[in-house]
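S.K.: Give me the fold of what follows.
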Amino acid sequence: MSMNIGDVSGLLSELEALNKATPAEIQAELDTAAQNVLASAQDAAPVLTGEMRDSGHADSGNLESTVTFDADYALFVEMGHLSRAGNPVPPQHFLLPAFYDEANALQARLEDKTS
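M.R.: Numbering: from 1, shown residues only. Coordinates of the predicted model:
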């Protein structure tokens, strides 16, 4: 399961307006955002064995950043699923809230760099 920080609605127009900021400055902000999302998601992740929490990592480059949880079941925990008996298991969001919180903070930091 991955979430690309470049997918935030409206962020593309902000990035296009970053004529005052260098690509290195933008990448540094994206790197920071990815690390913040990873840390928040790991803190919020439900833990039984720690495998899912520990499978998280952030990758950055080429003006984008991605936070990934490699545990096979991470998507099912995040989005919910049906049990083997067919009963709904509710989602336990850990990545989406971290992503949205940091997206707002990232947008504010990028706006500061353009003003």
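S.K.: Low-confidence regions, this protein specifically.
M.R.: For the chain, residues meeting the criterion pLDDT under 70 lie at 1-20, 115.
S.K.: just so I have it, where are all the strands in it?
M.R.: Counting by DSSP state E, the chain has these strands, from start to end: 2-4, 56-61, 64-69, 81-82, 88-89.
S.K.: among those strands, which is the most enclosed?
M.R.: Per-stretch averages of neighbours, counted by mean count of other C-beta atoms under 10 Å, single out strand 64-69 among the strands of the chain, with a mean of 21. Glycine gets a C-beta too; all of them are placed from N, C-alpha and C.
S.K.: packing partners for that one?
M.R.: The helices and strands touching strand 64-69, judged by 3 or more C-beta pairs under 8 Å, 6 or more residues apart in numbering; DSSP states H and E, are strand 2-4, helix 23-44, strand 56-61, helix 95-114.
S.K.: Nearest approach to H81 belongs to which of the ones you listed?
M.R.: When the helices and strands packed on strand 64-69 are compared by C-beta to C-beta, helix 95-114 sits nearest H81, at 15.2 Å.
S.K.: Keeping just the C-alphas, turn the closest one into PDB.
M.R.: Extracted as PDB, the C-alpha positions of helix 95-114 are listed here (Å, rounded to 0.1, in the frame of the first residue of the first chain):
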ATOM      1  CA  LEU A  95      -2.100   6.300   6.800                       C
ATOM      2  CA  LEU A  96      -4.900   8.500   5.500                       C
ATOM      3  CA  PRO A  97      -5.100  10.800   8.500                       C
ATOM      4  CA  ALA A  98      -1.300  11.200   8.600                       C
ATOM      5  CA  PHE A  99      -1.300  12.000   4.900                       C
ATOM      6  CA  TYR A 100      -4.100  14.600   5.100                       C
ATOM      7  CA  ASP A 101      -2.700  16.300   8.100                       C
ATOM      8  CA  GLU A 102       0.700  16.600   6.500                       C
ATOM      9  CA  ALA A 103      -0.700  17.600   3.100                       C
ATOM     10  CA  ASN A 104      -2.100  20.700   4.700                       C
ATOM     11  CA  ALA A 105       1.100  21.500   6.500                       C
ATOM     12  CA  LEU A 106       3.100  20.900   3.300                       C
ATOM     13  CA  GLN A 107       0.900  23.200   1.400                       C
ATOM     14  CA  ALA A 108       1.300  25.900   4.000                       C
ATOM     15  CA  ARG A 109       5.100  25.500   3.900                       C
ATOM     16  CA  LEU A 110       5.200  25.700   0.100                       C
ATOM     17  CA  GLU A 111       3.000  28.800   0.100                       C
ATOM     18  CA  ASP A 112       5.500  30.400   2.500                       C
ATOM     19  CA  LYS A 113       8.300  29.700   0.100                       C
ATOM     20  CA  THR A 114       6.400  31.500  -2.700                       C
END
